[in-house]
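Got a predicted structure here, sequence first:
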2 protein chains.
Amino acid sequence: MSKGKIQDWHGCPTRYAAGILADKWCFLILRDALLHGKRTYSEFLNSPEGVSTNILADRLAKLEATGMLDRQIDPRKASRVCYFPTRKARDILPALLALMVWSTRHDQFTDAPESFAQAYNDDPVATVNWYEKEIDRVDASIKGSE
Amino acid sequence: MSKGKIQDWHGCPTRYAAGILADKWCFLILRDALLHGKRTYSEFLNSPEGVSTNILADRLAKLEATGMLDRQIDPRKASRVCYFPTRKARDILPALLALMVWSTRHDQFTDAPESFAQAYNDDPVATVNWYEKEIDRVDASIKGSE
DNA sequence: GTAACCACTTGCATATTGCAAGTAAAAATT
DNA sequence: AATTTTTACTTGCAATATGCAAGTGGTTAC
């Protein structure tokens, strides 16, 4: 179980988003789940930012409690756990991609190619759909072999 | 001066955004500056979330250091300080509004009217421009009377 | 049957936060 | 001119959260 209380800031839309997303580790876990196809505890743990094990467990529990991740035993291997991004989590893709466009503009050392921002600005819906399909593919490849 | 180190996570665009935005108080200060026309220390302090004075001072310093806010003595009253949102801060408006749309969809107790999400989805550029003009008006009304 | 894998939990030192009180400069009031 | 008020902070300290290292308990591979 999670140590700290879950931020439950309803009402104001910015505050509600802040309650769920304005945490460094939650933010990066969602990046890994939505953009990099990560699903298991050890995949999240191996991200280059180096989260520690207790914090990762805490944040996964929080993201599950706020309805962003769906925790399930891996059907292929019962000692493994998968955290699938929910519809609610997928729905932040437009905002997440918009933030990434912002970063490519304002971080002079950004890794993102110029083409990324251009593609998103040209057709944001198509870009979101591309990521959604990637998520579908990853999830199907896990759940399919039930 | 700020106690903690400034997060300086360049490279990955999500991580860069997280380094600046993934903090509850920074997030809410930017909301107040970009959406509610707040500029002074005491205006930010009086937000309903109730930030404490030392944290507010720390976050204002961080947002200044990361180029999000421009600290200036109020030309109308030298005992007062104004924090103006920079171009870099204004540029997160599309992402911020997209997050708010997400909140109106997923927070069942949201304060935002249905029309907000609809207006943003119909014409995001026009919505961003509307907020930009509001910011211009506030800043001009302070700087104009120099 | 044993070793390795995987998802955590626990204990403890350190860092951050929140609260209350205090300070210092400028502005308004008397 | 002296005093009070406004404004933007700073300081000290208790409570909370984080980060690290080590440990635990099922599952799976060999």
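Alright, I've got the coordinates.

Let me know the helix or strand that A:Tyr83 is in.
strand A:81-85 (DSSP states H and E).

helices or strands next to that strand in the packing?
Helices and strands touching strand A:81-85, by 3 or more CB pairs under 8 Å, 6 or more residues apart in numbering or on different chains; DSSP states H and E, are helix A:24-35, helix A:41-45, helix A:53-65, strand A:69-73, helix A:124-143. Heads up, the C-betas are built off the backbone N, CA and C, glycines and all.

mind running it again at 7 Å?
helix A:24-35, strand A:69-73, helix A:124-143 (3 or more CB pairs under 7 Å, 6 or more residues apart in numbering or on different chains; DSSP states H and E).

between these, which gets nearest to DNA strand C?
Smallest distance to DNA strand C across the helices and strands packed on strand A:81-85 (CB to the nearest atom of the strand): 6.6 Å, for strand A:69-73.

Wait, a helix at A:His10?
No. Judged by DSSP: H, G, I helix; E, B strand; the rest coil, A:His10 forms no part of a helix; its state is coil.

give the contact list for it.
The contact partners of A:His10, by CB atoms under 7 Å, 6 or more residues apart in numbering or on different chains, come to A:16, B:107, B:109.

Now the last one: closest residue in space that isn't a chain neighbour?
Computed as CB to CB, 6 or more residues apart in numbering or on different chains, the closest residue to B:Phe109 that is not its neighbour in sequence is A:His10, at 3.9 Å.

still on that earlier bit, let me have the contacts of A:His10 in CSV, extended by distance to DNA strand D and neighbour count.
Shown next, in CSV, are the contacts of A:His10 (distance: CB to the nearest atom of the strand, whole Å; neighbours: other CB atoms under 10 Å in any protein chain shown):
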residue, distance to DNA strand D, neighbour count
A:Tyr16, 19, 25
B:Asp107, 22, 20
B:Phe109, 22, 9
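
Keep only those of those that are in helices.
In helices, defined here by DSSP state H, the members of these are A:Tyr16.

Does anything pack onto the next helix or strand after the strand holding A:Tyr83? Which helices or strands?
Downstream of strand A:81-85, the first helix or strand assigned by DSSP H and E is helix A:87-90. When contacts are defined as 3+ CB pairs under 7 Å, 6+ apart, helix A:87-90 packs onto helix A:24-35.

Distance of the residue nearest the centre of chain A relative to A:Leu93?
The residue lying closest to the centre of chain A (CA atoms, centre = their mean) is A:Leu30, at 1.5 Å. A:Leu30 is 10 Å from A:Leu93, where distance means CB to CB, to the nearest Å.

same deal with A:Arg15?
Distance from A:Arg15 to A:Leu93, by CB to CB: 21 Å.

ok, A:Leu60 - how many residues close by?
21 (other CB atoms under 10 Å in any protein chain shown).

Name whatever forms a beta bridge with the nearest residue in space to it that is not next to it in sequence.
In this structure, A:Leu60 finds its nearest non-sequential neighbour in A:Tyr83, 5.9 Å apart by CB to CB, 6+ apart. The partner list for A:Tyr83 in beta bridges (DSSP bridges) reads A:Arg71.

For A:Tyr83, list the residues it contacts.
A:33, A:39, A:60, A:69, A:71.

do the same with A:Gly11
By CB under 7 Å, 6+ apart, the neighbours of A:Gly11 are B:109-111.
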